[in-house]
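>>> Give me coordinates for this.
(one chain, ligands or ions: 1)
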Amino acid sequence: MARILITSGPTRQYIDPVRYISNASSGRMGCCLVEAALAAGHEVVLVSGPVDIQYPPEAELFSVLTTEDMLDAATKLFADCDGMIGVAAPCDYKPVEVADHKIRKTGEALELKLIETPDVVASLGANKQSHQWTVGFALETEDARFRAITKLQKKNCDLVVLNGPAAINASDNEVEIIAPDGTVIQSIKGPKATIASQILAIIEKRLISNAN
Ligand code: C5P
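All right, here's what the predicted structure looks like:
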């Protein structure tokens, strides 16, 4: 049995009090991984951005808004966990300046200057203890496998799950699970619930020493 941290869903970066940058991540793949981990008898700690879905109540849920909130919560919670699965789609950019009032229309173009937000999986991967493991996701549109392996190495992950843009807000998915040496351990296509169970089985086999 392991205590697993899962990050899920999108984050938001506000431009003014009512407008924000985000993405269409539904949290469904995260929810399926939570269900698979609970069904296998693991404890789940969940950090999620705003989603419409309901996560299983057995998971300890910490709701966050921004990528920095997600990093803060995940960093604190990871200390008591054996591993983490980063299935969230955190917003990669935030505005340099956030207006404290609603930005009014002027008829002119509005220029936004954005800077990168911190990377949650990379930060946890860089600071993990020898008994801890991290699994990242990579959503790629071109040179997919190469980019996923590069991401795995850069973020110091123990496995990476590669998928494509068709995964966003969909009930089905098509993934490759890739090891640090670049080997494709398994290719899976089908409902997100089936994919989640198989991802979890591989995590148990390779990363959780006392599973089963
Ligand atoms: O956005 P990218 O394709 O690099 O995301 C790959 C992995 O990194 C995913 O596991 C995602 O959860 C994670 N990530 C993160 N923090 C970010 C961006 C991505 O944890 N700011």
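
>>> Tally up the residues packed near the nearest residue to L112 once chain neighbours are set aside, please.
Distance criterion CB to CB, 6 or more residues apart in numbering; nearest residue to L112, sequence neighbours excluded, is P95 at 5.6 Å. The C-beta positions use only the backbone N, C-alpha and C, and glycine is treated the same way. Neighbour count of P95, defined by other CB atoms under 10 Å: 17.

>>> same question, D92
D92: 16 neighbours (other CB under 10 Å).

>>> Let me see the confidence value for it.
D92 carries a pLDDT score of 96 in this model.

>>> That one: what's it in contact with?
T67, E116, T117 (CB atoms under 8 Å, 6 or more residues apart in numbering).

>>> right, is the longest helix seen in the chain up against the ligand?
Longest helix of the chain, by residue count under DSSP state H: helix 192-207. No: against the ligand, helix 192-207 shows no contacts by CB under 6 Å from any ligand atom, the least distance being 12.2 Å.

>>> How about residues contacting that helix?
Residues outside helix 192-207 that contact it (CB under 8 Å, 6+ apart): 28-29, 32-33, 35-37, 39-40, 83, 85, 133, 135, 158-159, 161, 170-173, 175, 177, 179, 185-186, 188, 211-212.

>>> Now the nearest residue to T117 once chain neighbours are set aside: phi and psi?
Spatial nearest neighbour of T117, excluding adjacent residues (CB to CB, 6+ apart): T67 at 3.8 Å. With angles defined as degrees, to the nearest 10, T67 sits at phi -60, psi -40.

>>> roughly how far apart are T67 and M84?
Noted for T67: a distance of 15 Å to M84, by CB to CB, to the nearest Å.

>>> okay, these two: which has more neighbours?
More neighbours surround M84 than the other of T67 and M84, with 27 against 24 (other CB under 10 Å).

>>> hmm, the host helix or strand of the more buried one touching the ligand?
Per DSSP states H and E, M84 falls inside strand 83-86. Yes: interface with the ligand: strand 83-86 contributes G86 (CB under 6 Å from any ligand atom).

>>> Just the helices from this structure, written as ranges.
So, for the chain - with DSSP H - the helices run 28-39, 67-78, 120-127, 144-154, 192-207.

>>> which one of the ones you listed is the most hemmed in?
helix 28-39 (a mean of 24; mean count of other CB atoms under 10 Å).

>>> Spell out which parts of the chain neighbour the ligand.
7, 67, 86, 88, 90, 92, 117, 119-121, 136-139, 151.

>>> Quickly note the distance from the spatially closest residue to P180 that is not a sequence neighbour to R145.
Closest residue in space to P180, ignoring its immediate chain neighbours: L152 at 6.1 Å, by CB to CB, 6+ apart. Applying CB to CB, the value for L152 to R145 is 11 Å.

>>> Give me the common contacts of these two.
Contacts common to L152 and R145, judged by CB under 8 Å, 6+ apart, are I178.
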